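Engineer: quick one: sequence and predicted model below, then my questions.
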Amino acid sequence: MKLFFLIIFISQVIFSSHITVADTINIEQAPSSLAQWYKPGNKRQVWLHTMFKLRREMQALREYAEQEDKDSMHKWMINFNKHYNSIPKMVPEWKDKINPDLATRLNKFIAEENFYQVALTLNKITDTCDNCHDDYQAQVTAIYRSPDYSNIRINDIDGSPQNIENVMQELSTYVNQTLIALSDGKIKKALTASNDLNLQLKNMGESCSTCHKNDPYPKERILGDMTVKNIDKLQMNIREGNIKSSQKIMGDIAVTVCARCHNTHKIVADLRTKLIKKKNTDIKH
C-alpha cells in the first residue's frame, strides 16, 4: 500500500502541467538586443559561439602563459581581442559588462612577456565574465536555448491532433486510471488504461524528431526498447493478476519515462514560459 501511495505521489508531481515559481525571486532581464544573436532571430547561435570562443581563447592564453610561450599567446590574443571587443557591439546595453582596460593590460603584459601578470589579469577578466553569468546565464539559456513546444501537435489515441499540455493531461489520466484500477483489483480496466497509456506514449514518441531531427538516441533513452519491454511486462502482469508487480513496474515507468523526460524538457520549458511572460509584462509596464 505504501508503494501505491508513493507511485501516486510521483505521478501527480511529474505530470503536473504547471510549476509555481516564487514571484519574490529577483531575475535580471537580458536586453532584447540579445535575441538577434540567437535562433530564430539568427541562422546561427552567434552569441553562444562567441562565448565558447572566448572561453577557449582564455584557456589557451592561460596555458601558454604557464608554458611561457609568447608566440602562441600572440595568436590567441588576436582572436580574444576580436571576440571580447565584439560584446558591446552586439549588445550595447552590456558595454559596462566588459573591462577594456583589462584587455589593454593583457596585451601589454604579453608583449612584455610578463607571464605572471598575464595570469593575474586573466583571473580578473574571468571575474567580470562570472559576474555577468551570475546575473544572466540561467535565464538566457532558458529563453534562447530551450525549445518552444507551443506549436507541437501530437495525436491522441483517437488520432486527433492535440497540443502538448492536453497530451500530458491525458497521459496523467491513463497513469492514474491504471493505478486506481490495480488498487481496486479491476484487471480489465487496468489493462485498458495501460493500453491507452502505451498508445499515447507511442504517439508522443513520434514528436521527438521535431526537435531531435535525425538523432534517434534521445527518444531511445526515454521511449526506446527498455520502455517497450516495461510496458509489455506491465500488461502481462496485469493479465495475470499480479497487482504488486504491476504497481512496481508502473513506478519504474514513472521514473524512467515520465521523470526522465520532465527533468530534461519540462522544468526548463516552464522556466522559459515564466521568464517570457514576466519579460512581456515588464515591457508593457
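Structural biologist: It's in. This structure is a prediction, so every number in the text was calculated from the model and none was measured.

Engineer: domain ranges for the chain?
Structural biologist: As assigned by automatic domain parsing, the chain contains the domains 2-18+155-284, 39-144.

Engineer: for the record, mean pLDDT for the longest one?
Structural biologist: Right, domain 2-18+155-284. Averaging pLDDT along domain 2-18+155-284 gives 85.

Engineer: quick one, which of the domains of the chain is nearest to P31?
Structural biologist: Relative to P31, the nearest member of the domains of the chain by CB to CB is domain 39-144, separated by 3.9 Å. No exception for glycine: its C-beta is placed from N, CA and C like everyone else's.

Engineer: can you put the domains of the chain in a markdown table and add mean neighbour count and distance to Q29?
Structural biologist: Converted to a markdown table, the domains of the chain look like this (neighbours: other CB atoms under 10 Å; distance: least, CB to CB, whole Å):
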| stretch | mean neighbour count | distance to Q29 |
| --- | --- | --- |
| domain 2-18+155-284 | 16 | 5 |
| domain 39-144 | 15 | 7 |
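
Engineer: closest to S33 out of those?
Structural biologist: Taking these one by one with CB to CB, domain 39-144 is closest: 5.2 Å.

Engineer: quick one: mean pLDDT for the closest one?
Structural biologist: 94.

Engineer: how long is it end to end?
Structural biologist: For domain 39-144, the first and last residues are 7 Å from each other (CA to CA, to the nearest Å).

Engineer: could the domains of the chain go into a markdown table alongside distance to S33?
Structural biologist: Shown next, in a markdown table, are those (distance: least, CB to CB, whole Å):
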| stretch | distance to S33 |
| --- | --- |
| domain 2-18+155-284 | 13 |
| domain 39-144 | 5 |
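
Engineer: so for I27, which of those sits nearest?
Structural biologist: I27 lies closest, by CB to CB, to one member of the domains of the chain: domain 39-144, at 5.8 Å.

Engineer: how far is the closest one from where the chain is centred?
Structural biologist: Put simply, domain 39-144 sits 25 Å off its chain's centre (CA atoms, centre = their mean, to the nearest Å).

Engineer: how far away is L102 from E57?
Structural biologist: Using CB to CB, to the nearest Å, we find L102 at a distance of 14 Å from E57.

Engineer: ignore what I typed, I meant E170.
Structural biologist: 49 Å.

Engineer: K108 too?
Structural biologist: Using CB to CB, K108 is found at 17 Å from E57.

Engineer: any idea how far the helix or strand hosting G251 is from the chain center?
Structural biologist: In this structure, G251 sits in helix 243-253 according to DSSP states H and E. A distance of 29 Å separates the centroid of the chain from that of helix 243-253, by CA atoms, centre = their mean.

Engineer: tell me which other helices or strands it touches.
Structural biologist: Packing partners of helix 243-253 (3 or more CB pairs under 8 Å, 6 or more residues apart in numbering; DSSP states H and E): helix 2-14, helix 164-183, helix 225-239.

Engineer: export those to a markdown table and tack on distance to I152?
Structural biologist: Below are those laid out as a markdown table (distance: least, CB to CB, whole Å):
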| stretch | distance to I152 |
| --- | --- |
| helix 2-14 | 19 |
| helix 164-183 | 5 |
| helix 225-239 | 20 |
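
Engineer: so which of these is nearest K95?
Structural biologist: The nearest among the helices and strands packed on helix 243-253, by CB to CB, is helix 164-183 at 39.4 Å.

Engineer: and that closest one, what does it pack against?
Structural biologist: Helix 164-183 is packed against helix 2-14, helix 187-205, helix 243-253, with contacts defined by 3+ CB pairs under 8 Å, 6+ apart.

Engineer: continuing past the last one, what's the next helix or strand?
Structural biologist: Past helix 243-253, heading to the C-terminal end, the next element that is a helix or strand (DSSP H and E) is helix 260-261.

Engineer: do the same with the second one
Structural biologist: Downstream of helix 187-205, the next assigned helix or strand under DSSP H and E is helix 209-212.

Engineer: what is the distance between the helix or strand just after that following helix and the centre of its chain?
Structural biologist: Next in sequence after helix 209-212, counting helices and strands by DSSP H and E, comes helix 217-223. For helix 217-223, the separation from the chain centroid amounts to 16 Å (computed by CA atoms, centre = their mean).

Engineer: ok, and what's touching helix 217-223?
Structural biologist: L201, K202, M204, G205, C208, S209, H212, T256, V257, R260, C261, T264 (CB atoms under 8 Å, 6 or more residues apart in numbering).
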